[in-house]
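In: Structure for the following, please:
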Amino acid sequence: MGKLFGTDGVRGVANSELTPELAFRLGRAAGALLKNTQKRTAMLLGTDTRISSSLLEGALAAGVCSAGVDIYAAGVIPTPAVAYLTREMKTCAGVVISASHNSFEDNGIKFFNADGYKLPDEIEEKIETLVSRGTDKLPRPTGSAVGRIIPFPNALNRYVQFLKEKVDTSFTGLRVVVDCAHGAVCEVAPRVYRELGAQVISINDLPTGVNINKNCGSTHLESLQEAVLKYNANLGIAHDGDGDRVIAVDEKGQEVNGDQILVVCGLALQAKGQLREKVVVTVMSNLGLKKAFKQAGIQVYETKVGDRYVLEKMLGTGAVLGGEQSGHIIFLEQNTTGDGILTALHLLSILKETKQPLSELVKQMTVYPQVLLNVKVKNKKDWTENKAIKQAMLEAEKALGQKGRILVRPSGTEPLLRVMAEGEDKAQLEEITEQIGKVIAQELG
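Out: Predicted coordinates:
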């Protein structure tokens, strides 16, 4: 068996790579392990809207219950809601069935510990070891010790209340277009913004099981940009399939990515004395972000790509704000994982408080051109030892000099090497990434 857990749980093509049999074994192993370490006997379970989510939900829940752990079944609910409710309900763990921004054929299983944080590597490795050795030998409680599946119909209401308590500003007068990505936020996101006073136009909010993220959401902004202009909205909010990230669109229909949102929110928190003068980002974050924070006297910590690594660095440095260009943004004093709706609430509050349009607020950061190229490879391991790739990168770095940078990294979930070039001249960056991409394709494709 290959390694199960990637940077964001276990993912694969549903019913092919991520089978109900595997979901059952994962549930059994996680239930047995987390019950023993936490001495609690219930786990909270949520899903997104994929056609395969109910299939995997049933199998996973059966596995957990066979280990003597109850399941609180929250149904379709955003990932950050599971993190929050796991803490609130004092369960031994939380688990989400979702593949986030991936297309509907894929699905995933992601666990949270009792404190609402993603499981550390060592616990994932223990679960993986139990699964690989076979779960038949794990204890099988009988009689009244068998776990139960307990419906949790009030889960969304409790998450809505949690979100509304984080805002002390009315959004009356703001017109907002919300792209729900046909995913887990379809019911909750428009409701929260409306109940806080905004006029909401909701799009891509009719999930069929096979349309999640399809030409919509945080990875496909075109329909949102058109709607913002059509309805003369103050901004657009694009969620992803499981609701843990957000990308915005300003009143002119222009994209506002996670880096820009971080700068707007970070500088607003700094002005209120609430930032602790530090922020955590990833190596993919734009040079303009670092310059904006540096100019404001804010220390920037960098980590590798993945919101779990951002969180680890935040916990280690005491930062209260961190995130990724992709829109995973963590307000650590309010939730333990990226929360797209919570992030949008912060952004809307800043618009109301400053009385400035989003297009003006984002001018606090100069965006430097970045060119990203994905190269399919047969093996993404040990690429750093390849002499030809090393040489191509050295030549590119020499060409850019002090005016830019090159970053090559493996994808955490796909057989790809990602080549990123950043600098002042986009044409030069495109040429450089193409040259490096050709070498990688020749050597590893």
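In: what about Cys65, how many neighbours?
Out: When counting by other CB atoms under 10 Å, one arrives at 20 neighbours for Cys65. The C-beta positions use only the backbone N, C-alpha and C, and glycine is treated the same way.
In: element containing it?
Out: helix 53-66 (DSSP states H and E).
In: Buried residues in that helix, which are they?
Out: Buried residues in helix 53-66, defined by neighbour count with 16 or more other CB atoms under 10 Å: Ser53, Leu55, Leu56, Glu57, Ala59, Leu60, Ala61, Ala62, Gly63, Val64, Cys65, Ser66.
In: any idea of the pLDDT on the first one?
Out: The confidence metric pLDDT takes the value 98 at Ser53.
In: If I follow the layout properly, it ends up in contact with Asn107?
Out: Yes - counting by CB atoms under 8 Å, Ser53 touches Asn107, with 6.5 Å between them.
In: what is in contact with the two at once?
Out: Taking CB atoms under 8 Å, 6 or more residues apart in numbering as the contact rule, Ser53 and Asn107 both touch Ile97, Ser98.
In: these two touch, right, Thr49 and Asp205?
Out: No - contact criterion CB under 8 Å: Thr49 and Asp205 do not qualify, at 10.3 Å.
In: Common neighbours of those two, please.
Out: By CB under 8 Å, 6+ apart, the residues touching both Thr49 and Asp205 are His182, Cys186.
In: can you list contacts of the helix holding Cys65?
Out: Counting by CB under 8 Å, 6+ apart, 14-15, 18, 20-21, 23-31, 43, 45, 47, 71, 73, 76, 95, 97-98, 107, 109, 135, 140-141, 146-149 sit against helix 53-66.
In: Do me a favour and get the end-to-end distance for stretch 61-71?
Out: 7 Å (CA to CA, to the nearest Å).
In: swap in stretch 373-390?
Out: Terminal-residue distance, stretch 373-390 (CA to CA): 17 Å.
In: Which secondary structure state does Ile109 sit in?
Out: What DSSP: H, G, I helix; E, B strand; the rest coil gives for Ile109 is strand.
In: Could you do Glu431 as well?
Out: Three-state call for Glu431 (three-state DSSP): helix.
In: so who does it touch?
Out: So Glu431 contacts nothing (CB under 8 Å, 6+ apart).
In: ok, it to Gly288 distance?
Out: Relative to Gly288, Glu431 is positioned 22 Å away (CB to CB, to the nearest Å).
In: and what of Asn232?
Out: Asn232 is 29 Å from Gly288, by CB to CB.
In: do Ser16 as well
Out: Counting by CB to CB, the gap from Ser16 to Gly288 is 42 Å.
In: Parallel or antiparallel, which strands does the one helix or strand Ile71 maps to pair with?
Out: Here Ile71, judged by DSSP H and E, is contained in strand 70-76. Strands adjacent to strand 70-76 in the sheet, as given by DSSP bridges, are strand 42-47 (parallel), strand 149-151 (parallel).
In: ok so, going back, tell me which of the contacts of helix 53-66 fall in strands.
Out: Cross-referencing the contacts of helix 53-66 against strands under DSSP state E gives Met43, Leu45, Thr47, Ile71, Ala73, Val76, Val95, Ile97, Asn107, Ile109, Ile149.
In: who's the spatially closest residue to the first one that is not a sequence neighbour bridged to?
Out: Spatial nearest neighbour of Met43, chain neighbours left out: Ala93 (4.9 Å); criterion: CB to CB, 6 or more residues apart in numbering. Beta-bridge partners of Ala93, counted by DSSP bridges, are Met43, Asn113.
In: List the buried residues in stretch 104-119.
Out: Within stretch 104-119, judged by 16+ other CB under 10 Å, the buried ones are 104, 106-114, 116-119.
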